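Undergrad: Attaching a predicted model along with its sequence, questions to come.
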Amino acid sequence: VVLDQTVDLKRRLGIDFYVQGLTFDREAIVIWLNDQLSKAKKGLAFYGKGCQLFWNDVVFSSSLVTRALQGYTLKPREVQTLRRTFKDIITFIPVVIILIIPLSPVGHVFVFGAIQRFFPDFFPSCFTERRQNLLSLYESTEFKALTIDENWQEKIKRISGASAYLIADNARKLYRQVIGPEDKGKDASDEKSEDR
């Protein structure tokens, strides 16, 4: 049992101590590279969304400042948005500098861990899980609204088609009821004359 677990551990680590000393297991290396690639994609998507949120906040805040300069009284929620965006602008620059500094991955984890522990509000709000999750929720709700609108359009088309069919069918039945007794009388008299 221990031997099987050791072999499995070696395979997951990407090393193999069989026959010729130290060799590498290509399958384990490919799995590890794919895992690292997926993590990098997720990280880039996270920072890309964060930059998009940051830019949208800056543009919206500049429009709020313009409106305030024109004499518009800002609502408390708009003032809160301005404060949050100003804080994000101030904290964005040091975070980017720390990200650009060539540290080892362990160094980045240590620095960001220490910053989060001692200065929890140091990171811009657009690079937090909370804002990212809200953006994802908003995007999914927006997509569902489009889907529901499409479904309503299709339902309206189906209802109008069905109601047009029902109206035509009822009109045909009404026409047969109004015209039908005369035709039935003619048909019955025709049958009697044929019998004679």
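TA: Everything's here; your move.

Undergrad: Nearest the geometric middle of the chain, what residue?
TA: In the chain, the C-alpha nearest the mean C-alpha coordinate belongs to S140, at 4.3 Å (C-alpha atoms, centre = their mean).

Undergrad: tell me which element that residue is part of?
TA: S140 belongs to helix 129-195 when assigned by DSSP states H and E.

Undergrad: try V111
TA: Using DSSP H and E, V111 maps to helix 105-118.

Undergrad: which stretches of this protein have low pLDDT?
TA: The chain contains residues with pLDDT under 70 at 14-25, 102-104, 106, 142-150, 180-196.

Undergrad: try 80 this time
TA: Across the chain, residues meeting the criterion (pLDDT under 80) sit at 1-29, 32, 98-113, 115-116, 119-121, 123, 138-156, 158-159, 180-196.

Undergrad: V65 and V79 touch, don't they?
TA: No: V65 is beyond contact range of V79, at 11.1 Å (criterion: C-beta atoms under 8 Å). (Each C-beta comes from the backbone N, C-alpha and C, glycine too.)

Undergrad: So the residue nearest to F112 when sequence neighbours are not counted versus F86, what's the distance?
TA: Nearest non-adjacent residue to F112, counting by C-beta to C-beta, 6 or more residues apart in numbering: I98, 7.4 Å away. Counting by C-beta to C-beta, to the nearest Å, the gap from I98 to F86 is 20 Å.

Undergrad: got it, and N170?
TA: As judged by C-beta to C-beta, N170 and F86 stand 67 Å apart.

Undergrad: Which one's more surrounded, those two?
TA: Per other C-beta atoms under 10 Å, whichever of N170 and F86 has more neighbours is F86, with 13 against 10.

Undergrad: residues contacting that one?
TA: S61 (C-beta atoms under 8 Å, 6 or more residues apart in numbering).

Undergrad: quick one: it and L64, what's the gap?
TA: Distance from F86 to L64, counting by C-beta to C-beta: 11 Å.

Undergrad: I figured F46 was touching L135, is that so?
TA: No: counting by C-beta under 8 Å, F46 does not reach L135; the two are 10.7 Å apart.

Undergrad: what about the two, which has more around it?
TA: Neighbours per residue, other C-beta under 10 Å: of F46 and L135, the larger number sits with L135, 16 against 13.

Undergrad: got the contact list for that one?
TA: With C-beta under 8 Å, 6+ apart, L135 has these contacts: 49, 53.

Undergrad: could you measure it against S125, distance?
TA: Between L135 and S125 the distance is 11 Å, computed by C-beta to C-beta.

Undergrad: ditto for I98
TA: For I98 relative to S125 (C-beta to C-beta), the value is 17 Å.

Undergrad: A164 now?
TA: Using C-beta to C-beta, A164 is found at 54 Å from S125.
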